[in-house]
Every structure is written in structure tokens, then in C-alpha cells.
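# One predicted model, sequence on top.
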Amino acid sequence: MSRTIRTLVALSCAVVAGQALAAELDTRLYLTPSVNFTVTDSDWYKKKGIDNDFGFGLGVGKAISQSWNLELNSNYAEYNIHNSAGTVKNTGLGVDALYFFNRNPGFSPYALVGVGGVQTRAPGISETNWSANAGLGAMKWINDIAVRGDVRYRYIDGVGGVNPGDWIATAGLVIPLGAKPLPPAPKEEPAPQPAPAPEPVPAPAPAPVEQPAIERPAPQTKIILEGTHFAFDKATLLPSGKAKLDKDAEMLNTYPDINVDINGYTDSIGTQKYNLGLSKRRATTVKKYLESKGVAASRMTTKWFGKKNPIASNKTAAGRAENRRVEIIILN
């Protein structure tokens, strides 16, 4: 038993070393149909002649935080008795806690620990005993369904005079229930406060030189269009993004000699190839929108960098939101 625990701890440390960034949390209930293969304890085989065999399971679970899931799992397996016509039937029910080292949709490793009960029926035996299990596994999301697999060590307390410790390998699916949650709505920017009324002067002053209503920005000024102004995971501008770009177009039309770079960026979730494509599409969308408002295409150059050059930490949701952006750089 102690050697088994040391093995699980060592594997957990190896997974922690490769920790990745977490994705946005999906808190829908999900079903977990699965098949499993049990390598029975040597005491089972030596004393009872129990063979290794396949079984199946079904569970329901839910993410309760960025790191933890809770699951209620049931399983059934029937094992042949070596050199005998009899079988051993195990029906299990338990609660598992899954700790995720990251929520990356491409590969989400986790450790698990759980407790429950196992009903054992065999010739001369009909018992229900408590059990405990621990192990390691991983999920991979494909669209809105995930495939998962894990290996766990299960201990059953006192079945027919034996305390079996079995290794169980499981493969299955994660099927969320209900529609995928929508991304949070973009925050509306507060309206600017009206300027205070000027104090009256005792005598009329000379007429001031007329100034443009819009101040000319200095070279290398960055105008940032946050990712919340685009549809989730798309290059489609939301109404809030168009409203912000309308002001930028007005400034550029006021100063027709200004040239700009339009640089697209993403956060670190996903592959660089995908992120480069998304940042390119968003930068191009901004350029085309400004063109539609009268800004000459020759004054604008689009560039795209994917997840490079973050301006905030990608370890938090707030930081990732800042990194999903399009920057308009004033060149002159």
C-alpha cells in the first residue's frame, strides 16, 4: 500500500511540473459514461482465483471552481473465478474529487481521490464494504464533448477475508448537459462628465485662435480596442467596438496626414497558429471598419502577433482579458 501511494505522489509531481494555463470555467452538469479494465489484487488471485476483466460505469459531475470538480460515479464489473464456473460481481457507488492542474481544452491533467462503497456477490459471499480510490487522469475537449482517461488504485475493506487493492484503467466521455454558457457581456464605458461652465470675465477677451475639436495624439500613442468589443472567439465587432472605432475614425479624418499600425493580439490559450489567425482577422476587421468611415487604406498597416507581447499576466482571467486586444499605433 505505501509503495502504491509513493507512486501516485511521484506521478502527481510530474504533472504539476507541466502545468498549463487555465481556460474559462464551464459549470454545467455533465455525464461520464465509461468502460474500465481491472487488474485485480494478487491476494484476490492467489486466495480466491479472481481474474482480470472489463466493466463499465456512469457518473454525473460538475466543476465547482477553477481547480476542482465533484463527481458521483457508479460502476459494475463481473470477474471470472479461475478454474471455476462461478463469477464475482462488483457494483460500486462513490464520490470523487478531481483536482485539475489546468483547464486547457487541448489537455487537462487531473488527480483524483474518492470514497464510496462496493457490493460484492460471489459464491458464498454477499457483502457491502467501504472503498477508497486515488489516481491520475486527463481530459481533451473536442467541440462540446471531452474524452477522458484515468488510472486509479482502489482499496476495498475486507471482502471475504481479503483486503483487495486493485488497479483500474478507465476510458470514457464527458457530455455536458444544456447549452454552453455565453461569454460575459462587454462593460459599457461611462459617459464623459460635462465640462464645468466657464466663469464670467469682467471684460471681453480677444477671440482665441480656433482649435480643432479633437486633439492631435502624439507619435507612438497606443489606442487599445479590448477583446470584449469582439464577439467571443471571432473577429466580428460588437456595437461597443464600433462606437469606439467611430471616435478613432473621426480623429484620423481630422488629421489626414497621420499614418497608423493596427496590431492584433490574443491571450495564451490555444495554439500559436490559431492565435495568429485570430489576431490577423481582428486587425483586418478594424482596418476595414475604419476604411468604411473614410480613412484611406494606404494610411493603415495591419500586423498580427497572436499571444506574443502580453501587457498583463495570462495566469488570471482579468490579465487574459487585457491581452486580447487590437492596438492602433500613431506613427507620426
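Happy to help now that I have it.

# can you give me the mean pLDDT across stretch 171-181?
Mean per-residue pLDDT for stretch 171-181: 92.

# First-to-last residue distance for that stretch?
End-to-end distance for stretch 171-181, by CA to CA, to the nearest Å: 26 Å.

# Tell me which residues of it come out buried.
For stretch 171-181, a neighbour-count test (16 or more other CB atoms under 10 Å) marks 172, 174, 176 as buried. (Each C-beta comes from the backbone N, C-alpha and C, glycine too.)

# same check, this time on stretch 264-280
Residues of stretch 264-280 classed as buried: 264-270, 275-280 (neighbour count, 16+ other CB under 10 Å).

# ditto for stretch 223-243
So stretch 223-243, judged by 16+ other CB under 10 Å, has buried residues 223, 225-230, 235, 237-238, 240-241.

# Tell me where the stretch 1-150 of the chain has strands.
Along the stretch 1-150 of the chain, the stretches classed as strands by DSSP state E, counting those that start in this stretch are 30-31, 34-39, 53-63, 68-80, 87-100, 108-122, 125-142, 145-156.

# Let me know which of those is the nearest to Glu327.
The minimum distance between Glu327 and the strands of the stretch 1-150 of the chain falls on strand 125-142, with 30.4 Å, by CB to CB.

# quick one, strands of the stretch 151-300 of the chain?
165-176, 222-226, 260-265, 300-304.

# so the longest one versus strand 125-142, what angle?
It stands for strand 165-176. 50 degrees (axes from the mean of the first three to the mean of the last three CA atoms, to 10 degrees).

# Same question for the second one.
Angle between the axes of strand 222-226 and strand 125-142 is 140 degrees (criterion: the same axes, to 10 degrees).

# Who are the packing partners of strand 222-226?
Using 3 or more CB pairs under 8 Å, 6 or more residues apart in numbering; DSSP states H and E as the contact test, the elements touching strand 222-226 are helix 239-254, strand 325-330.

# want to throw the ones you listed into TSV with distance to Glu189 and mean pLDDT?
Listed next are the helices and strands packed on strand 222-226 as TSV, based on distance: least, CB to CB, whole Å; pLDDT from 0 to 100:
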stretch	distance to Glu189	mean pLDDT
helix 239-254	8	90
strand 325-330	15	91
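
# Would you point to the one among these that's packed deepest?
strand 325-330 (a mean of 22; mean count of other CB atoms under 10 Å).

# Direction included, what does it pair against?
Strand 325-330 has the following strand partners under DSSP bridges: strand 222-226 (antiparallel), strand 260-265 (antiparallel).

# between the ones you listed, which gets the lowest average pLDDT?
Per-stretch mean pLDDT for those is lowest at strand 222-226 (a mean of 84).

# May I have that one as PDB, with CA atoms only?
The C-alpha trace of strand 222-226 is given here as PDB (Å, rounded to 0.1, in the frame of the first residue of the first chain):
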ATOM      1  CA  LYS A 222      -1.400  53.500 -28.400                       C
ATOM      2  CA  ILE A 223      -5.200  53.300 -28.900                       C
ATOM      3  CA  ILE A 224      -6.300  50.000 -27.500                       C
ATOM      4  CA  LEU A 225      -9.500  48.200 -28.500                       C
ATOM      5  CA  GLU A 226     -10.100  45.500 -25.900                       C
END
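
# Could you work out which of the strands of the stretch 1-150 of the chain reaches nearest to Asn259?
Closest among those, using CB to CB: strand 125-142, at 42.5 Å.
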